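In: Please work out how this folds:
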Amino acid sequence: QRGSGMAGGFSRTRSSNNMRRSTSSSSMSSKGSSRRFSGGRGSEPRNIPRNIEKSRPARTFSGGALAALNEDNRKSMKKGKRSSGNLKNEKASANNTKTRNKNRSKSPPQPQACTSKPLKIYTPNECQEKTKNILKEYFVGGDTDDAVLSIHELINPSAKGSNERASAVIEAGTLLVLEMKLSDVDKFLTVLIRSFKEDKITSETIQFGLCDPLEFLNDIAIDAPLAPVNLCRIISMLIKEELIGVDCLLKSPHEFKMYGNPAKFACKILKELGEDALKNESNKNVVRELMTEDDKSQFASVDEIINSV
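Out: Residues are numbered from 1 along each chain as shown. Purely as a prediction, here's the structure:
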């Protein structure tokens, strides 16, 4: 009985211990549940052990989240490139603006519209005096272009009275060189022929310009024996260059036709022109018309008076 009683007492003691354990475990579980659901703003933070924090797996991104992140990175890189490109463009435009401003400051002033002044209109007497000065300077300096330009300014072909001015220029030049050496005569002819080719003078003005030199040839020859030779040279060269014709002598002044030995003077011009001019019948007719009564009494034909010269 004692053994049975002890066994019964031991079993009662074990059962009571088991009840205590179950009661304590239930109380602990109720306390844990209450702690698990009582996490409010005012509740104290839970202290997580370090070993548990380290044991947590690393956070990974899903495919969609990673693609979105990469897209954001690409957009930010593009924006950075655009901003850097815009900055470079702004600097380049600023440099171009500075360069343009420098070039504008260094650029030469725009030329003003050229307004040519109208040429002065000279009187025939003024043209004669100025022609002498122009030719004298030309004989020393030898600038043909300047001489022709100066003659052009004197004549002023587009203004009224240009024929009178041109005749005055030719007359003054011819009278000037009649008393000079042959080289100066040729220089004068150079200016005269070029002025004709540039339409500054005409055949008519040349014929009028030769009137006074022919009329006063005998008087000039008293002090300048070479005057007839120089005038013959001038007229023959003008005929050779086709500025005038041999028949221009038929329009010479009456004084020359009466007392200037016009037929013999014409024969000298034909000899200057050459054999073809001497054989030309129209030229012989000019000589025939210029023969005076004394010439006709002395020479039976034109050939005789030509051979006498």
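In: Return the backbone torsion pair for Leu290.
Out: The phi/psi pair for Leu290 (degrees, to the nearest 10) reads phi -90, psi -10.
In: Check it and give its pLDDT.
Out: Note for Leu290: predicted pLDDT of 96.
In: ok, it to Ser203 distance?
Out: Distance, Leu290 to Ser203, by Cβ to Cβ, to the nearest Å: 20 Å. Quick note: C-beta positions are derived from backbone N, CA and C, even for glycine.
In: can you check Ile121 too?
Out: 23 Å.
In: Who are the packing partners of the helix or strand harbouring Ala172?
Out: For Ala172, the element it lies in under DSSP states H and E is helix 162-177. Secondary-structure packing of helix 162-177 (3 or more Cβ pairs under 8 Å, 6 or more residues apart in numbering; DSSP states H and E): helix 124-141, helix 144-155, helix 182-197, helix 203-209, helix 211-215, helix 227-240.
In: can you list these in CSV and add mean pLDDT?
Out: Shown next, in CSV, are these (pLDDT from 0 to 100):
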stretch, mean pLDDT
helix 124-141, 95
helix 144-155, 94
helix 182-197, 95
helix 203-209, 95
helix 211-215, 95
helix 227-240, 96
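In: Reformat these as CSV; add mean neighbour count and distance to Asp295.
Out: Converted to CSV, those look like this (neighbours: other Cβ atoms under 10 Å; distance: least, Cβ to Cβ, whole Å):
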stretch, mean neighbour count, distance to Asp295
helix 124-141, 16, 34
helix 144-155, 18, 38
helix 182-197, 18, 28
helix 203-209, 19, 23
helix 211-215, 20, 17
helix 227-240, 20, 17
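In: okay if I get these as JSON lines plus distance to Lys296?
Out: Listed next are the helices and strands packed on helix 162-177 as JSON lines, based on distance: least, Cβ to Cβ, whole Å:
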{"stretch": "helix 124-141", "distance to Lys296": "38"}
{"stretch": "helix 144-155", "distance to Lys296": "41"}
{"stretch": "helix 182-197", "distance to Lys296": "33"}
{"stretch": "helix 203-209", "distance to Lys296": "26"}
{"stretch": "helix 211-215", "distance to Lys296": "21"}
{"stretch": "helix 227-240", "distance to Lys296": "22"}
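In: Please name whichever of those is nearest to Lys251.
Out: helix 203-209 (5.9 Å; Cβ to Cβ).
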